[in-house]
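K.L.:
Based on what follows, work out the 3D shape:
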Amino acid sequence: MIQEDDASTGSGGDHLIVGQIVSGQKELFRLLVKRYERAVYGMGLSFFRNSEDASDFTQEVFLKVYRSLPRFEGRSRFSTWLYKIAYNTAVNGIKRRREYRSLAEEEVLKDEDTPERKVLRSAAREAVLEALADLPERYRICVDLFFFYDRSYQEIEVITGYPVNTIKSHVFRAKKLLREKLEGIA
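P.N.:
Next comes the predicted model:
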């Protein structure tokens, strides 16, 4: 039997949990939800821009994941497989809306910051957000997955369906565009 503490063992632990869920220990699914809920919700916020839609999205993704668990073959990390389902669900959802917001847009202020640091951090954040907003959507998605979700190029390929060289090119071009836009700000 897997305990909650065992769920922190990483992707190998995920494969073990998936196998046990498929074998009938359905209650273990909560461990996967607990581990990935924040990341999926964050992706939902990036795409849908409000907490209610992000919550609905998160629920829809985990329902799809649960129903699809018997088809998880373990050829990739569980998280990559899950993010692919989440990404495809989000893309299908925004086709109707045509909006995408980067995870970088989420507010990150530290309680221990002085008021001056908060103002400076907020101003820098606004400049970065403005620069990110000007990027083509395909660049923003690759940058988000690479920098904010810490996905490798190969994982982004699985998630988005873009070839690795295209992803590398999108990240490179996005960094170049961001550098040009933010050059005079520092």
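
K.L.:
which residues of the protein fall in strands?
P.N.:
Along the chain, no segments are classed as strands by DSSP state E.

K.L.:
pull the helix or strand with minimum mean pLDDT from it.
P.N.:
One helix or strand of the chain scores below all others by mean pLDDT, DSSP states H and E: helix 115-133, with a mean of 74.

K.L.:
got the buried residues for that one?
P.N.:
125, 128, 131-132 (16 or more other Cβ atoms under 10 Å). Glycine gets a C-beta too; all of them are placed from N, C-alpha and C.

K.L.:
and it, what does it pack onto?
P.N.:
Applying 3 or more Cβ pairs under 8 Å, 6 or more residues apart in numbering; DSSP states H and E, one finds that helix 115-133 makes contact with helix 164-182.

K.L.:
could you dump the helix it packs on to PDB, C-alpha only?
P.N.:
The C-alpha coordinates for helix 164-182 follow below in PDB (Å, rounded to 0.1, in the frame of the first residue of the first chain):
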ATOM      1  CA  VAL A 164      12.000  20.200 -30.900                       C
ATOM      2  CA  ASN A 165      13.900  22.500 -33.300                       C
ATOM      3  CA  THR A 166      10.800  24.700 -33.600                       C
ATOM      4  CA  ILE A 167      10.500  24.900 -29.800                       C
ATOM      5  CA  LYS A 168      14.100  25.900 -29.500                       C
ATOM      6  CA  SER A 169      13.600  28.500 -32.200                       C
ATOM      7  CA  HIS A 170      10.500  29.900 -30.400                       C
ATOM      8  CA  VAL A 171      12.300  30.100 -27.100                       C
ATOM      9  CA  PHE A 172      15.400  31.700 -28.700                       C
ATOM     10  CA  ARG A 173      13.400  34.200 -30.600                       C
ATOM     11  CA  ALA A 174      11.200  35.000 -27.600                       C
ATOM     12  CA  LYS A 175      14.300  35.600 -25.400                       C
ATOM     13  CA  LYS A 176      15.700  37.900 -28.100                       C
ATOM     14  CA  LEU A 177      12.500  39.900 -28.400                       C
ATOM     15  CA  LEU A 178      12.200  40.100 -24.700                       C
ATOM     16  CA  ARG A 179      15.800  41.300 -24.300                       C
ATOM     17  CA  GLU A 180      15.200  44.000 -27.000                       C
ATOM     18  CA  LYS A 181      12.000  45.200 -25.400                       C
ATOM     19  CA  LEU A 182      13.500  45.200 -21.800                       C
END
